[in-house]
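In: Provide a 3D model corresponding to the input given below.
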Amino acid sequence: VHNTPIISQVVVPSSSSYLSIYLSMFSCDTFVCLPGSTADGSTIFGKNSDRDPNEAHEVICIQQMTYTHESKLQCTYLEIDQASVTYACVMSKPQWMWGCEMGVNEFGVIVGNEAILSRVPPCKTKALLGMDIVRLILERCRTSTEGVQLVKELLSIYGQGGNAGFGKEFYYHNAYMIVDRDHAYIMETIAREWIVKEVSRDTALPSSYPSSSSSPFSFSSLSSSSLSSSPPTLPIATISNALNEGPWDDMSRGLKEHAVREGWSNPTNPFNYRESYKEYLFDYAGQGAMRACRSRALLEGYAFHGGVTVENVASVLRDHGGEGEGKFDPRDGFSGQKICMHAGYGPIRNSQTTGSMIVRLMPGLSRPMIWVTCASAPCMSLYFPVWIDCFPNMGGDQMSRLFWKIHEGLHRAVLADYSRYIDWITDEVEKTQKRIFESSGSDLANGNVLERKQHVDSCFEEVLAYEDRASKYIDKEGQSRTTNHIFYNWAWRSRDRKLGWYSPFPLLPSMSIVGPMVMVILAGIAAYYKMRN
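Out: Residues are numbered from 1 along each chain as shown. I've put the predicted structure just below:
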């Protein structure tokens, strides 16, 4: 236990840096469905990584390595002692940093992290990033329990901190979901302090659920209060950019002591971690609690209607909101975070889902089955299978980055005229994804490496063929040269300009809004001269 008071370890960001924290508003969603909620008794993990729209995401595979006792490891900012052995893993990560957002290793340990804020300001001093810690767990741990212990040790020795933003300053604390076949943990960290709970594997079906004819999507009235008023009834856990409710199994001693010292918790009452440490503005604006409730509700609906499958998890990761909200269009509004995130024109919704991953741990099989997009916007991209010993023939890490950019060009072309293209894109994604999922049966995991390698390459060729069809469709249809979404298009043109890309987003306003704009300007001029006279 680290006994130093939390606040003494924190270098408070400057006022401009602190403002950028709220203007960044990165948002991710992570969940796990344990046996008892899945169709075949598998453990299924899913995560969307939401980051800066211009931040390329890459999927990499690293093999087991051995090192000498004196070896050092350079993480994103900090050099630390290297382990004698690091394990093979597949990870999805921002290309500029050493750490990763999510991944799985050869022993079936799966990890994903979430940005969280609290009343304690995040540390600006360069230390371990939360993504560094995710990768260290994957490389060094054979079980999820070992992963929890490693987080405690790393925080005590090195601490967490440093800029985790791309092209801007963004500092935050971290929450983790650490999973294996036998256990799943939710662990939240604030500075060097931590709190952890194991996800219950007990199955207790609710007394009242929608009828079997009802859609599992009939969960439109979700709010942050649902975190406490509607506890999970199935072995399903979800986390997002909000502090979780208890009950908790264990915590560092300094966590409660600091809350009491600051007057956030009454020592005579039971300690409520979320209420003591919740940062109200970020908790509300980030809508993390609502997204966690949304994903949990969808997954519980699937669990009740036959059990969660990989196909269901992909559907949840592509979700754009509840019923009664109208047809989704990313050009509408500047807030409204969704599980499948699309950047708007700020200041709140300015990140997008830059990568997505699904991992399935099947009963009786030691080899994890991994699904990745290696691309942004899962609603417009395809999940294809990989194994730690079978990766698509992409030509190395640089090709992984190149594929991300290829798809990003398609993604932005669709966003520029969203309502015109999205129905065709959605139909193509559904048809192609169905073929990939149906051809990727669990028997493949038992196959030899050559069979699996051929299948991985075949699925990736399907993905490339879809990208080509979609690009040709957009070229054939053409794009509008005017827009009703001026601020949205300006924001995206600015992002394209930073990358040196041609921007497909039209700049000129359409005639449907030119008339009202002219009338407003003329009325303003008339009012000005009337006041002068």
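
In: in a strand, that's where Ser366 is, yeah?
Out: No. Using DSSP: H, G, I helix; E, B strand; the rest coil, the assignment for Ser366 is coil, not a strand.

In: got a list of what it touches?
Out: Contacts for Ser366 were tallied using C-beta atoms under 8 Å, 6 or more residues apart in numbering; they are Gly108. Backbone N, C-alpha and C define where each C-beta goes, glycine included.

In: gap between it and Arg360?
Out: 13 Å (C-beta to C-beta, to the nearest Å).

In: with Asp81 instead?
Out: 34 Å.

In: neighbour-wise, which of those two wins?
Out: Arg360 (25 against 12; other C-beta atoms under 10 Å).

In: need the contact list for the more buried one.
Out: Arg360 neighbours (C-beta under 8 Å, 6+ apart): Ser42, Thr43, Ile44, Phe45, Val310, Pro368, Met369, Ile370, Trp371.

In: over to Gly159?
Out: Going by C-beta under 8 Å, 6+ apart, Gly159 touches Gln9, Cys123, Thr125, Ala127, Leu128, Ala191, Arg192.

In: okay, the residues you listed in CSV with distance to Arg420 and pLDDT next?
Out: Listed next are the contacts of Gly159 as CSV, based on distance: C-beta to C-beta, whole Å; pLDDT from 0 to 100:
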residue, distance to Arg420, pLDDT
Gln9, 52, 44
Cys123, 46, 94
Thr125, 48, 95
Ala127, 47, 97
Leu128, 45, 98
Ala191, 48, 96
Arg192, 51, 97
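
In: for those, give me a markdown table that also has secondary structure, neighbour count and distance to Ile388.
Out: Shown next, in a markdown table, are the contacts of Gly159 (DSSP: H, G, I helix; E, B strand; the rest coil; neighbours: other C-beta atoms under 10 Å; distance: C-beta to C-beta, whole Å):
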| residue | secondary structure | neighbour count | distance to Ile388 |
| --- | --- | --- | --- |
| Gln9 | helix | 20 | 37 |
| Cys123 | coil | 21 | 33 |
| Thr125 | coil | 13 | 35 |
| Ala127 | coil | 22 | 29 |
| Leu128 | strand | 24 | 24 |
| Ala191 | coil | 28 | 34 |
| Arg192 | coil | 26 | 32 |
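
In: report the two of those residues separated the most.
Out: Gln9 and Leu128 (13.1 Å; C-beta to C-beta).

In: Val196 is in what secondary structure piece?
Out: Assigned by DSSP states H and E, Val196 belongs to strand 193-198.

In: do the same with Ile525
Out: helix 511-532.

In: same check, this time on Asp427
Out: Element membership of Asp427 [criterion: DSSP H and E] is helix 418-439.

In: report the mean per-residue pLDDT for the strand holding Val196.
Out: The average pLDDT for strand 193-198 rounds to 98.

In: what comes up buried for stretch 449-468?
Out: Neighbour counts over stretch 449-468 (16 or more other C-beta atoms under 10 Å) mark Arg452, Lys453, His455, Val456, Cys459, Phe460, Glu462, Val463, Tyr466, Glu467 as buried.

In: and the end-to-end length of stretch 83-91?
Out: Start-to-end span of stretch 83-91 (C-alpha to C-alpha, to the nearest Å) is 19 Å.

In: hmm, Pro35 and Gly307 touching each other?
Out: No. Counting by C-beta atoms under 8 Å, Gly307 stays clear of Pro35, with 9.7 Å between them.
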